[in-house]
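Colleague: Could you look at this predicted model? Sequence included:
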Amino acid sequence: MKKLFLLSIVLVSQAVAAQFQVWSNSFDTPADLQGWTTHDLNANGNGWVQGQNIYHNGTALTYGTSGVLRYSVSLVPTGNVAGFGTENDWIISPQINLEGASGTISLAASIGRQRTSHLNLGRDLFIFVSTAQKPVPELSDFQAMTVDANGNDIASPYRIIAGTTDNPFSNDLTQFTEDVVDLSAFAGKKIYIGLWSNRKASGNNLQNINIDEMAIYASSFLGTADVKNKKENLTKIEENPVKELLQLKLNPGFKEKMTSVTIYNAAGQKVFSASYNRSLNVATLTSGMYIAEVSDGNITESLKFIKK
C-alpha cells in the first residue's frame with residue numbers, strides 16, 4: 001500500500017479518522033488490472049493502461065517511477081498518438097463489494113497531472129449497482145449514464161478532481177494530490193466503477209491523467225451477521241476488528257476435527273484456508289473487510305470481520 005493507507009488511521013483534509021479500508025488498488029504492476037476491462041472504442045491502440053506515470057520534466061515528457069492507472073494522448077518524449085482527436089475509451093473495475101460497509105463510505109484517489117498547463121483535471125465516476133436481474137454490467141450500461149435522451153452530456157454526481165482552489169496541485173509534477181468522494185449512498189451494495197476518457201468538439205472532453213491509487217473506506221461495519229441467510233451464527237469472533245489473530249469461539253454443533261475456515265476478501269477472492277483452530281494467524285492479510293466461512297461439511301456459517 002502507498003499513501004492512501006494512512007487514511008485508515010489518521011485524519012486527512014477531506015476524510016474522517018478511524019475508517020476501515022474496504023477495497024483498494026495501488027496500480028503498481030500490470031497484475032493490478034486483473035478483473036478490469038478496457039474498451040478502445042476508436043480503435044487507435046491507445047487507451048487506459050497500467051504503467052509508469054508520465055510528466056513533463058521541463059524539457060520533454062518522461063516517465064516517472066510511480067506505478068499508476070494512466071491515460072494519455074501524449075507520446076514520450078513528444079507528440080500525440082494517432083487518431084487522438086476521436087478518443088473514446090473506457091475502463092471498468094471488477095465488482096466492489098460494499099455489502100458489509102455502512103456509515104460514511106469514502107473513495108479516495110491520488111491524482112497526478114502530466115503538464116503544468118493541466119490546471120485541474122479529474123474523472124466522473126460512473127457507478128453501476130448490481131441487481132439480481134443484472135449482477136454484471138455491460139459497456140452500454142455505463143454509456144447510458146453519460147447522456148440524456150437528447151444526447152446531451154450528463155455529469156455524474158461522483159467525481160475525483162484535483163487542481164481546484166481548495167485542492168490545488170503541487171508544483172512538482174511527480175507528486176499526487178488526493179481527493180475524496182462520498183459513496184455513502186452505495187452502502188450494502190455491490191458496485192462497478194467506470195472511468196471514461198474522450199475527445200469531443202463540445203461537452204465532455206477528458207484526457208491525460210495519472211491515478212496513483214484508489215481506495216474505499218467505511219466508518220462502520222455491519223458486524224458478524226450470517227452472509228448467506230438470516231439464521232444467527234453460533235460461532236463467534238471474540239475480537240473484531242482483528243489485529244493478527246482471528247479468534248473463533250466455535251459453534252458447539254460443529255464437529256471440530258472436521259471443521260475448516262476459509263477467508264474471502266471484499267471482492268469474493270479466497271485469500272486464506274486452514275483447519276479450524278481457536279486462534280488463526282491472519283497477520284499477512286491487508287487491512288480491510290473479510291468474510292470467514294466456517295464449515296464442517298454439514299453446517300456452514302459465514303462471519304464478517306475487519307482486519308486492522
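Modeller: Yep, that arrived.

Colleague: the strands in the stretch 201-308 of the chain, which residues?
Modeller: For the stretch 201-308 of the chain, the strands defined by DSSP state E, counting those that start in this stretch cover 209-221, 236-237, 245-249, 260-265, 270-275, 279-281, 288-295, 300-307.

Colleague: For those strands, give me TSV that also has mean pLDDT and mean neighbour count.
Modeller: For the C-beta atoms, the positions are set from N, CA and C on the backbone; glycine is no exception. As requested, the strands of the stretch 201-308 of the chain are exported to TSV (pLDDT from 0 to 100; neighbours: other CB atoms under 10 Å):
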stretch	mean pLDDT	mean neighbour count
strand 209-221	89	24
strand 236-237	90	17
strand 245-249	93	18
strand 260-265	90	18
strand 270-275	92	13
strand 279-281	94	14
strand 288-295	87	21
strand 300-307	85	21
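
Colleague: Among those, which comes closest to residue 90?
Modeller: strand 209-221 (13.8 Å; CB to CB).

Colleague: Pairing partners for the closest one, with directions?
Modeller: strand 20-25 (antiparallel), strand 61-71 (antiparallel), strand 101-112 (antiparallel) (DSSP bridges).

Colleague: What segments of this structure are helices?
Modeller: Assignment of helices within the chain using DSSP state H yields the ranges 139-143.

Colleague: quick one, domains of it?
Modeller: If you go by the TED database, the domain ranges for the chain are 20-222, 233-307.

Colleague: Would you mind telling me which of the strands paired with strand 209-221 is nearest residue 165?
Modeller: strand 101-112 (15.5 Å).

Colleague: OK, contacts around residue 98?
Modeller: Shown in contact with residue 98 (CB atoms under 8 Å, 6 or more residues apart in numbering): 22, 105, 183, 186-191, 216, 218, 266.

Colleague: Could you dump the strands of the stretch 201-308 of the chain into CSV and include distance to residue 63?
Modeller: Listed next are the strands of the stretch 201-308 of the chain as CSV, based on distance: least, CB to CB, whole Å:
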stretch, distance to residue 63
strand 209-221, 11
strand 236-237, 45
strand 245-249, 41
strand 260-265, 31
strand 270-275, 32
strand 279-281, 40
strand 288-295, 30
strand 300-307, 34
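
Colleague: To residue 83, which of those strands lies closest?
Modeller: The nearest among those, by CB to CB, is strand 209-221 at 19.0 Å.

Colleague: What subset of the contacts of residue 98 is buried?
Modeller: 22, 105, 183, 186-187, 189-191, 216, 218, 266 (16 or more other CB atoms under 10 Å).

Colleague: Among these, which one sits closest to residue 144?
Modeller: residue 191 (15.9 Å).

Colleague: Low-confidence bits of this structure, can you list those?
Modeller: Low-confidence segments of the chain (pLDDT under 70): 1-19, 201-205, 221-233, 267.

Colleague: Try it again at 50.
Modeller: Along the chain, the model assigns pLDDT under 50 to residues 1, 5-18, 223-230.

Colleague: re earlier: just the buried ones among the contacts of residue 98 now: which is nearest residue 172?
Modeller: Distance to residue 172 across these (CB to CB) is lowest for residue 216, with 27.1 Å.

Colleague: The closest one touches residue 20, doesn't it?
Modeller: No: Residue 216 lies out of contact with residue 20 (CB atoms under 8 Å); the separation is 9.9 Å.
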